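Chemist: predicted model, plus sequence, below.
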Amino acid sequence: MKRALVVLALAALHGLPLHAQPLEFPLADVLSLGSHAYARSDDFREHLEAVLPDARFEPEPDITAEEDPFRWALGGTFGGQGASPRPGALFGCARYGLATRDLFAEHGFARPETFGLMGAVLPLADDAEVWPEAAVARLHCTFIWDDAETVAILLQAEAVTGLSAVFSHVESESGGLFLRLLGEDGFRLSGWNEAGDTMVWVESGDVILTNGHQQVSFRAYLIGGAV
């Protein structure tokens, strides 16, 4: 009861709806954003807003460069209004091309030439290893939240269903070592697709639940095509 009164008081103080509901995270639709790896930043932003209409974007970092026309980054917050007036959910999406891949290969992630760029374009350690020979760019998005009143928790069965709608293979990494890392009710699910002959390869995605937060991410590659 005391907690409910605190929530009501915060809602009244900040002019929020008294019966705000947490966002039901549209997992399959979010993962399907990987199919838009060809899109420029403005177009991708529209696709993301169609899936998460309440997404609020931070100013875009100044990372465009003539040597990599595929490079852009978007980030911000999302989620319904919960107990806090500030959303407890964050997202980041970024794309980069061959020029940036080669820059990372030459300097790594921690050198002055790449450190600031690394924080913007969200490189994964195995991007270059997975990179198909014909690919010209990689897209990666991460969505993370720690407030179940802002974004509802995805249970394992829901996560399997959402991943299965986008990926042909889904694997659970619950139990064992992951049980200690994720907590008793936590899980880590990974989905992936075999490389095909399409213009975009939505390569992999993950749904993770720990004691402290939930995270959804995916990676896709653009095979040739426009910028």
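Modeler: Arrived safely, thanks for sending. Given the structure is predicted, the values throughout are model-derived calculations rather than measurements.
Chemist: now do the strands in this structure.
Modeler: For the chain, applying DSSP state E gives strands covering 56-57, 72-77, 89-97, 135-145, 169-172, 187-192, 200-209, 214-223.
Chemist: of all those, which lies closest to Ser35?
Modeler: Nearest to Ser35 among those is strand 200-209 (5.4 Å), distances taken as CB to CB. For the C-beta atoms, the positions are set from N, CA and C on the backbone; glycine is no exception.
Chemist: so what's the gap between that closest one and the chain middle?
Modeler: 9 Å (CA atoms, centre = their mean, to the nearest Å).
Chemist: Gln214 contacts Trp145, correct?
Modeler: Yes: judged on CB atoms under 8 Å, Gln214 makes contact with Trp145 at a distance of 5.8 Å.
Chemist: more neighbours, these two?
Modeler: Taking neighbours as other CB atoms under 10 Å, Gln214 and Trp145 compare with Trp145 leading, 25 against 22.
Chemist: how about the more buried one, what does it touch?
Modeler: Residues near Trp145 by CB atoms under 8 Å, 6 or more residues apart in numbering: Gly79, Gly88, Ala89, Leu90, Val151, His213, Gln214.
Chemist: how close does it get to Glu194?
Modeler: 31 Å (CB to CB, to the nearest Å).
Chemist: redo the strands of the chain as a markdown table? Include mean pLDDT and distance to Glu49.
Modeler: Below are those laid out as a markdown table (pLDDT from 0 to 100; distance: least, CB to CB, whole Å):
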| stretch | mean pLDDT | distance to Glu49 |
| --- | --- | --- |
| strand 56-57 | 92 | 9 |
| strand 72-77 | 94 | 10 |
| strand 89-97 | 95 | 11 |
| strand 135-145 | 97 | 14 |
| strand 169-172 | 95 | 28 |
| strand 187-192 | 94 | 24 |
| strand 200-209 | 97 | 20 |
| strand 214-223 | 97 | 17 |
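Chemist: now tabulate these in a markdown table and tack on distance to Asp29.
Modeler: As requested, the strands of the chain are exported to a markdown table (distance: least, CB to CB, whole Å):
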| stretch | distance to Asp29 |
| --- | --- |
| strand 56-57 | 18 |
| strand 72-77 | 17 |
| strand 89-97 | 13 |
| strand 135-145 | 12 |
| strand 169-172 | 17 |
| strand 187-192 | 15 |
| strand 200-209 | 12 |
| strand 214-223 | 11 |
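Chemist: of the ones you listed, which is nearest Gly162?
Modeler: Across the strands of the chain, closest to Gly162 is strand 200-209 (CB to CB), at 7.2 Å.
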